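Asker: Sharing a model prediction with you, sequence too.
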Amino acid sequence: MTRKIALTAALIAGTATAAFAADNPMVGGAPMMADMTIVENASAAPNLTTLVAAVQAAGLVDTLASEGPFTVFAPTNDAFGMIKEDSLNALLMEENKDQLTQILTCHVVATEAFSTDIAGMIADDGGSHMVPTVGGCMLKAYMEGDELKLEDENGRVATVTIADVDQSNGVVHVIDRVILPSGQAG
């Protein structure tokens with residue numbers, strides 16, 4: 001009898017975990033768990049390995065694992081691949097840590113904003129909404145059809161490809177381009 005109860009409990013727990021993961025979008029084929037931090041979930045996503053390496057190189061792991069709340073616009077490996085390899089390798093070097101930190105923090109907002117919140121701000125502001133980032137960048141958020149777009153200070157446009165990945169310390173929106181501070185080319 002005890003074995004049957006244990007098996008039933010395991011099945012219920014497994015179902016609850018599967019349902020819990022199903023409520024959150026998958027990123028790179030990996031389940032994203034809402035009870036894990038931004039750093040924990042990003043580390044599990046195979047298409048965010050360059051972002052994770054950059055966060056580690058910039059010394060931002062503890063910050064993005066802290067309580068938050070944060071909104072992170074997370075560029076994929078393909079987004080980082082749009083940057084010249086030499087430039088990307090140079091950014092990951094210790095002597096360029098300040099520049100890398102600024103670039104990464106231009107992807108972070110110091111509040112939790114799901115896509116419906118951002119879309120509401122865009123609508124309230126007549127079609128676009130300026131988003132101040134932790135790194136001092138201003139992003140212009142706007143909708144193009146059903147797609148949420150972010151334009152950086154250089155006119156580069158990133159599209160949110162996976163929205164509303166809930167985290168214990170905020171929310172992640174996966175994007176297809178790296179956001180750069182004013183005057184930086186990629």
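Answerer: It's in.

Asker: Is the residue most central in space within the chain within a helix or a strand, and which one?
Answerer: Centroid-nearest residue in the chain, with CA atoms, centre = their mean: Ala74, separated by 3.0 Å. Element membership of Ala74 [criterion: DSSP states H and E] is strand 70-75.

Asker: and the following helix or strand past that strand, which residues are buried?
Answerer: Using DSSP H and E, the helix or strand that directly follows strand 70-75 along the chain is helix 77-81. Buried residues in helix 77-81, counted by 16 or more other CB atoms under 10 Å: 77, 79-80. (Glycine included, C-beta is placed from N, CA and C.)

Asker: Return the closest of the residues you listed with respect to Ala141.
Answerer: Proximity of these to Ala141, judged by CB to CB, is greatest for Ala79, which lies at 17.1 Å.

Asker: didn't the closest one look like it was pressed against Leu180?
Answerer: No: here Ala79 does not reach Leu180: they are 11.3 Å apart, not a contact under CB atoms under 8 Å.

Asker: ok so, going back, how about the strand holding Ala74 as PDB, C-alpha atoms only?
Answerer: What follows is strand 70-75, C-alpha atoms only, in PDB (Å, rounded to 0.1, in the frame of the first residue of the first chain):
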ATOM      1  CA  PHE A  70      14.200  42.600 -13.500                       C
ATOM      2  CA  THR A  71      13.000  42.600 -17.100                       C
ATOM      3  CA  VAL A  72      15.800  41.100 -19.300                       C
ATOM      4  CA  PHE A  73      15.800  41.300 -23.100                       C
ATOM      5  CA  ALA A  74      18.000  38.200 -23.700                       C
ATOM      6  CA  PRO A  75      19.800  38.100 -27.000                       C
END
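
Asker: who does that strand pair up with?
Answerer: Strands adjacent to strand 70-75 in the sheet, as given by DSSP bridges, are strand 108-109 (antiparallel), strand 170-175 (parallel).

Asker: picking that back up, list the contacts for the residue nearest to the centre of the chain?
Answerer: Contacts here follow CB atoms under 8 Å, 6 or more residues apart in numbering; on that basis Ala74 touches 42, 48, 51, 107, 172-175.
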